Every structure is written in structure tokens, then in C-alpha cells.
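Enquirer: Provided below for reference: sequence and predicted model.
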Amino acid sequence: MADSTDQAQVLELEDIQGTLLRQRPSPYTGTYFLLRVDDPAHGRQMLGRLLPHVASAARWWDPPSRAWLSVALSHSGLQALGVPQASLDSFPEAFREGMAARAERLGDTGESSPEHWDAPLGSRDVHIAVSVFAPDTTGLESLLEVGRSALRDLPGVQMIYRLEASQLPTKRTHLGFVDGIGEPDVEGAGVASILQAGRDHYGYLPGFGPTIKAGEFVLGYQNQLGRLTLMPQPDVLGRNGTYVAYRKLHLKVADFRCYLKDNSSSPEEEELLAAKMVGRWRSGAPLVLAPDHDDPDLAADPTRANDFTYRDQDPAGLCCPVGAHIRRTNPRDSLTDTIVDVRIHRALRRGTTYGPMLPEGQLEDDGAERGIVFIFMGADLVRQFEFLKTQWANDGDFVSLGTEKDPVIGNNDGTGTFTIPRRPVRRRLKQLPRFAITKGGEYLFMPGIRALTWITQLDT
Ligand code: HEM
């Protein structure tokens, strides 16, 4: 397998969509649009109008607009835009099938199954996904106008869905946690360039772990297996693209709060239990480094908040339970005795929140729609997103927890358990319900900018 001492590759940042390699700034406000293409020529014309506004990883966050736009396409969308059949056939099976078709294996069952999803999510009508984000409503409005102009006089393209997603005033997710801390360091991307000064003599950033080959996230580069990840054809279409798992996850905030209360004897214990479930305090401070009390100063320091491992610092999970959300979804060094290489199961996350906050302290559900638009990006949907969901989130075998699932995102059904290692005896919580309900999802392909140009020039 490739390691970080192999020769670094130069990424074509001008051609890679910015969302893939760059964290969105805080605060943010934005909208996701889904479009259906009934006329391929109109679809291509619309894409052509959007193209100059697609943010690249090189020109990310350019003034004066301080707003950015990204475009991704479903398999049926590529077809609707007139991409030739040979090319459509060259995409991997999971992407061709789409997320809804793979619901069973992803644990999208019961309340989360596609028959309950918000229309048109999961249908073959979702062709183009456009996201526009800005730090404020003025920046957002300028891009919304770009979108409106792009659609003008093109009846062959219909906007079929929109979802507003703005950062909450708390700058946290609905469950009260800071998110977006654990992030892989992509070779050549400068993901954490602000922290460059903190690199140790191996070239590692504190807490980012070994730098990961760009081919794990961007098509056309060498991956951790020392190979080029298979690309859709022709090369111009595949290169600098990536796959996106887009999920709308409704959060049962009141149920989460009640569960904490019912299983704790004080507000302090509720906080500790919440932290045990996630692996971090709500501030973001990791339990491995702050096992007994929250440490907001630690949480606020990006060179320390992610600078921990499990194998030496917390092998038995006495600080961060082995079944906690962040330990399952990125076990770091704790699986080094197994054949599993954690580095081939990483991906980039760009989640946003939607819906109003449930007022602080309220324990009754108010019926409002609220949650996370979860965006997971990487070069291989199966060994990254699907592996995390099936092997790590919805199965406990890899950490000797049998059928126990992720306490936050697992597809629990009210009979779930969550084990908290403790001395002299562990604690086992019972009757865990499902806190995150899937309201829809799509597998999308986010092409490079040259690839988008190629599509606009098709004459099929
Ligand atoms: C309802 C949905 C979810 C919520 C509320 C949630 C919440 C969180 C929180 C609070 C963190 C800690 C902050 C951080 O390290 O960045 C985190 C980290 C993470 N989550 Fe989630 N998450 C959700 C869904 C998912 C899903 C569906 C996956 C993957 C299939 C996932 C994968 C991860 C990963 C990989 C990390 C970083 C772990 C690390 O590097 O230490 N999350 N999540």
C-alpha cells in the first residue's frame, strides 16, 4: 500500500470543485436545488450558464462575491444530459443503481426506507444537484440570481426541489455538538494549510494522522492501494471528479434529550452521556484528551482538538467508548492488528443543518422538520460511505460489540444497546431508539470543471 513517503502528486486545483477540498466557512447560509432535465440541449445550456460560477479549489472564497456554487449529477442526470451509453456504463454499479436501490444494505429500513422519503429524493427524476452557499444573505442572493438566470427560457429544465440550509445561531448541529472537526489531510490539497506550521518531522499534522493519497478523494490520482481509482470514461469526464453521498437526515432532537435525561441522574451526567455517545463533548473537546470534564479551550484549539489516537491513549475505551460515533466512523490506529486499513475508508464531510432549532431544554417534539444534510465525498462509494454505514455504524463486530450499532446514526429500533466501558463494571444502556431518520438520499457524481465543459459541448 502507498504511504505518505511516496512521491507527492500535484493536484489540478483549478479543475477540482472547491467544495471537495475546502471547508465551508462559518457562518454560512445556503440552498440545495434539485433539477430534472427533460430536454438534453436545455440541460446542457443551463449547465453552460452555471459553469463560470462554479467555485474551484484554487479560486475558493474569491472576493468580491464571497459565495460559491457546486454542481453534481446523478446517473440518470448524466443520461438526461446526453452522455453516451458507453460512458454511462463505465460508472461503478453502486452509482448507477443510486442510493434508494441500496437502502436495505445501508440500513434505510422502517421509518427511513425510501417509501417514506421526501419526493423526489431517491427517484430517477433527480438529475442535477446545485448547491449555493455564502456567509450572508447578500452573498447568497447574488448566486440565487445566477441560478434564476441560468434557468430562464429553458422549459426543458425544471427545478423540482429546494432545501434551505443555514448554520444555526449556536454554530452547532441540532443535537448541540460542534461538527466538522475530524477531517482527513488530503495529500497536495492544503486542506489544513493554516496548520502547516504544526507539522511534525514526519510531515503529519497534529491529529490529522498520516496524509492520505489524493486518489482516495479525487479521481485521476494514485490512491492508498497504489493504484489509480477506476474512472468513468472518457478520461476528461472522470478526471478531477468525485462521488457524493447526499443524505437528508431528520434528527429526533426531543427524543435524544429525553433519552439522556432518562438515563442520567443530573444535568452533568446527561452531558457526559451525550459525550460518550459521540466521543466528544458538545464543544468538540475529545473524550480521549478530556475524559471527565468538558474543556472548551482544548476544543477551540485546532492543533489539539484532533490530536489523539486510541491504541496507546485509550485502548479499552475507558475515555471514549469503542462504540462511540467518532470511534466507529474513524477508528484511527485502533484496528492496526487487523487487516483493515482505516486509510482506505476515509472520506470528506461537508454537512449542513436545516430546519429551526428546538428551543433549549424543550423535551416535547414540535413536529418541525430539522436535521443535517450529510455530504460525504470520496472516490469509492462502496469502500468509503457504504463500508462506514454497513460495517462500522450498523454492525458492532469489528469492535467485538456484536449487533450493537452506532448510538447516534445506527438504525436502532428501540431495542438497541450502547456499552460504556467502566471499572469495575461496564455500563450498558438499553432501549436505544433511532435518532436520525433518513428522509432521502442520492448518489451523485461531482465532475471536475473541464468535465462539466465537456458535457455542455456534447451534441447528442
Ligand atoms: C445525524 C447525523 C449525524 C450527526 C448528528 C453526526 C455528528 C457528528 C459529530 C458531533 C462528530 C464529531 C465532530 C467531528 O469530529 O467532526 C462527527 C464526526 C464524524 N462523523 Fe458524524 N454525524 C452524523 C452522521 C454521520 C454519518 C452518516 C457518517 C458516515 C457514514 C458520519 C461520519 C463521521 C465521521 C467520519 C466523523 C469524524 C470522526 C473522526 O475523524 O474522528 N457521521 N459526527
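Expert: Perfect, I can see it now.
Enquirer: neighbours of the residue of the chain found nearest the ligand, just the number please.
Expert: With distances taken as CB to the nearest ligand atom, the chain approaches the ligand most closely at Gly182, which sits 2.3 Å away. Just so you know, the C-beta spots here come from the backbone N, C-alpha and C atoms, and that holds for glycine as well. By other CB atoms under 10 Å, the residues close to Gly182 number 20.
Enquirer: and Pro321, by the same measure?
Expert: 28.
Enquirer: got it, and the one 10 residues further on?
Expert: Pro331 has 21 neighbours, counted by other CB under 10 Å.
Enquirer: any idea how far it is from Asp380?
Expert: Distance, Pro331 to Asp380, using CB to CB, to the nearest Å: 18 Å.
Enquirer: I'd say the residue of the chain closest to the ligand and Ile326 touch.
Expert: Yes: if you go by CB atoms under 8 Å, Gly182 and Ile326 touch, sitting 6.1 Å apart.
Enquirer: what parts of the stretch 51-200 of the chain come near the ligand?
Expert: Residues of the stretch 51-200 of the chain that fall close to the ligand, judged by CB under 6 Å from any ligand atom: 173, 175, 177, 179-182.
Enquirer: quick one, which of those residues are buried?
Expert: Using 16 or more other CB atoms under 10 Å as the burial test, these include 173, 175, 177, 179, 181-182 as buried.
Enquirer: export those to CSV and tack on pLDDT and secondary structure?
Expert: Output for these, formatted as CSV (pLDDT from 0 to 100; DSSP: H, G, I helix; E, B strand; the rest coil):
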residue, pLDDT, secondary structure
Thr173, 96, coil
Leu175, 98, coil
Phe177, 97, coil
Asp179, 91, coil
Ile181, 89, coil
Gly182, 88, coil
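Enquirer: quickly name whichever of those residues is closest to Thr403.
Expert: Comparing those against Thr403 with CB to CB picks out Leu175 as the nearest, at 23.6 Å.
Enquirer: tell me the pLDDT of the nearest residue to that closest one once chain neighbours are set aside.
Expert: Leaving aside its chain neighbours, Leu175 sits nearest to Phe256 (5.6 Å; criterion: CB to CB, 6 or more residues apart in numbering). We have a pLDDT of 98 for Phe256.
Enquirer: these two touch, right, Phe256 and Phe435?
Expert: Yes: counting by CB under 8 Å, Phe256 touches Phe435, with 5.0 Å between them.
Enquirer: for the protein, which element, helix or strand, carries the lowest mean pLDDT?
Expert: helix 18-21 (a mean of 90; mean pLDDT, DSSP states H and E).
Enquirer: now the element after that one, going C-ward?
Expert: strand 29-37 (DSSP states H and E).
Enquirer: and Asp365, what does it touch?
Expert: Each residue near Asp365 by CB atoms under 8 Å, 6 or more residues apart in numbering is listed here: 252-255, 358.
Enquirer: what residues of the helix or strand containing Thr353 count as buried?
Expert: Assigned by DSSP H and E, Thr353 falls within strand 352-354. Residues of strand 352-354 classed as buried: 352-354 (neighbour count, 16+ other CB under 10 Å).
Enquirer: same for it, what does it pack against?
Expert: strand 157-166, strand 371-378 (3 or more CB pairs under 8 Å, 6 or more residues apart in numbering; DSSP states H and E).
Enquirer: run the chain-centre distance for stretch 242-259.
Expert: Distance, stretch centre to chain centre, for stretch 242-259: 12 Å (CA atoms, centre = their mean, to the nearest Å).
Enquirer: same question for stretch 323-333.
Expert: 15 Å.
Enquirer: so what touches it?
Expert: Applying CB under 8 Å, 6+ apart, the set of residues contacting stretch 323-333 from outside is 182, 209, 276-280, 286-287, 308-312, 317, 320-322, 334, 342, 346, 388, 392-393, 396, 398-399, 401, 404, 406-409, 418-419.
Enquirer: Glu111: what's it in contact with?
Expert: 434, 437.
Enquirer: how much space between it and Thr403?
Expert: 19 Å.
Enquirer: is stretch 350-359 in proximity to the ligand?
Expert: No: shown here: stretch 350-359 not in contact with the ligand (CB under 6 Å from any ligand atom), separated by at least 6.9 Å.
Enquirer: what is the rounded mean pLDDT of that stretch?
Expert: pLDDT averaged over stretch 350-359 gives 96.
Enquirer: distance to Trp68 for the residues of the stretch 51-200 of the chain next to the ligand - can I get that in TSV?
Expert: Conversion of those to TSV gives the following (distance: CB to CB, whole Å):
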residue	distance to Trp68
Thr173	21
Leu175	27
Phe177	25
Asp179	19
Gly180	16
Ile181	22
Gly182	23
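Enquirer: of these, which pair is most distant in space?
Expert: Among those, the pair separated by the greatest distance (CB to CB) is Leu175 and Gly182, at 16.0 Å.
Enquirer: before we move on, back to that, name the residues contacting each of Phe256 and Phe435.
Expert: Leu175.
Enquirer: so where do the strands sit in the stretch 351-460 of the chain?
Expert: Here the stretch 351-460 of the chain has its strands, by DSSP state E, counting those that start in this stretch, at 352-354, 371-378, 416-420, 427-432, 436-446.
Enquirer: can you check the stretch 201-350 of the chain too?
Expert: 242-251, 348-349.
Enquirer: which of the ones you listed has the lowest average pLDDT?
Expert: When I compare the strands of the stretch 201-350 of the chain, strand 348-349 is least confident, with a mean of 94.
Enquirer: quick one: strands adjacent to that strand?
Expert: With DSSP bridges as the test, strand 348-349 is paired with strand 371-378 (antiparallel).
Enquirer: residues of the strand it pairs with that come out buried?
Expert: 371-378.
Enquirer: can you tell me which of the residues you listed are up against the ligand?
Expert: 372, 374, 376.
Enquirer: can I assume the last one is in contact with Phe217?
Expert: What that stands for is Phe376. No: assessed by CB under 8 Å, Phe376 is found out of contact with Phe217, at 10.8 Å.
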